[in-house]
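>>> How does the following fold in three dimensions:
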Amino acid sequence: MSRIGKLPVNLPAGVSAELLPGNVVKVKGPHGEMSRKVDPDITVTIEGNEIRFTRPTDQPRHRSMHGLYRALVHNMVVGVSEQFTIKQELVGVGFRVETAGQLVTFNLGYSHTIQLMLPPEVTAEAPQVKKGENPLLILKSCDKQLVGQVAAKIRSFRKPEPYKGKGIKFVGEQLRRKAGKTAAAK
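Have a look, this model is predicted:
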């Protein structure tokens, strides 16, 4: 049995789930609702406040999908109950970020500003920081995959460079640093 697949998905208070025709699992919670089509070979049962997944055989294909769909539905339940949050830090002199609804504007040391229109499921906020601190961008969404893709896209605007660490990095991320040039011996 799959270690992940055999675990039931527990529904917290305020979250409801239903199984729709076509093996579609729909989850509703305080932060939104999500649905996902599960492979027809995997059997989904909802009993009380638990969702269980079973597979028909021990074929490698069934074994891999067993844990996959359990993890995807678990992420949906966590997303609609708590939301996923990603914090990014802009490290560099003069780097700024501003949010206006779904539009995020970046000043990253280029000759122009970069504007990004966020999907409607993702919300962003840029809290005011004290002087001397790096600007922060906080992304929230109930869809873990989507918020991760948006964060990766934002990071690609200015990846952290290895010498001074300037760029957009995740809060708490450890960067690999390189030693700079040294004075040549005479």
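
>>> Got phi/psi on the residue positioned nearest the centre of the chain?
Central residue of the chain (CA atoms, centre = their mean): residue 148, 3.3 Å from the mean position. For residue 148, the backbone dihedrals (degrees, to the nearest 10) come out as phi -70, psi -40.

>>> ok, and the closest non-adjacent residue to it?
Spatial nearest neighbour of residue 148, excluding adjacent residues (CB to CB, 6 or more residues apart in numbering): residue 86 at 7.1 Å. Quick note: C-beta positions are derived from backbone N, CA and C, even for glycine.

>>> got it, and residue 66?
residue 5 (3.4 Å).

>>> Identify the neighbouring strands of whichever strand in the chain runs longest in the sheet and state each direction.
Longest strand in the chain, counting residues (DSSP state E): strand 84-91. Under the criterion DSSP bridges, strand 84-91 sits next to strand 136-141 (antiparallel), strand 167-170 (antiparallel) in its sheet.

>>> show me what contacts residue 40?
Listed by CB atoms under 8 Å, 6 or more residues apart in numbering, the contact set of residue 40 reads residue 23.

>>> which SS class is it?
coil (DSSP: H, G, I helix; E, B strand; the rest coil).

>>> quick one: the strands in this structure?
Residue ranges of the strands in the chain, as given by DSSP E, are 9-10, 16-20, 24-29, 32-37, 43-47, 50-54, 84-91, 96-100, 103-107, 114-117, 123-125, 136-141, 167-170.

>>> With distance to residue 63 added, can I get the ones you listed in JSON lines?
Below are the strands of the chain laid out as JSON lines (distance: least, CB to CB, whole Å):
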{"stretch": "strand 9-10", "distance to residue 63": "18"}
{"stretch": "strand 16-20", "distance to residue 63": "22"}
{"stretch": "strand 24-29", "distance to residue 63": "20"}
{"stretch": "strand 32-37", "distance to residue 63": "19"}
{"stretch": "strand 43-47", "distance to residue 63": "14"}
{"stretch": "strand 50-54", "distance to residue 63": "12"}
{"stretch": "strand 84-91", "distance to residue 63": "27"}
{"stretch": "strand 96-100", "distance to residue 63": "43"}
{"stretch": "strand 103-107", "distance to residue 63": "41"}
{"stretch": "strand 114-117", "distance to residue 63": "39"}
{"stretch": "strand 123-125", "distance to residue 63": "37"}
{"stretch": "strand 136-141", "distance to residue 63": "30"}
{"stretch": "strand 167-170", "distance to residue 63": "32"}
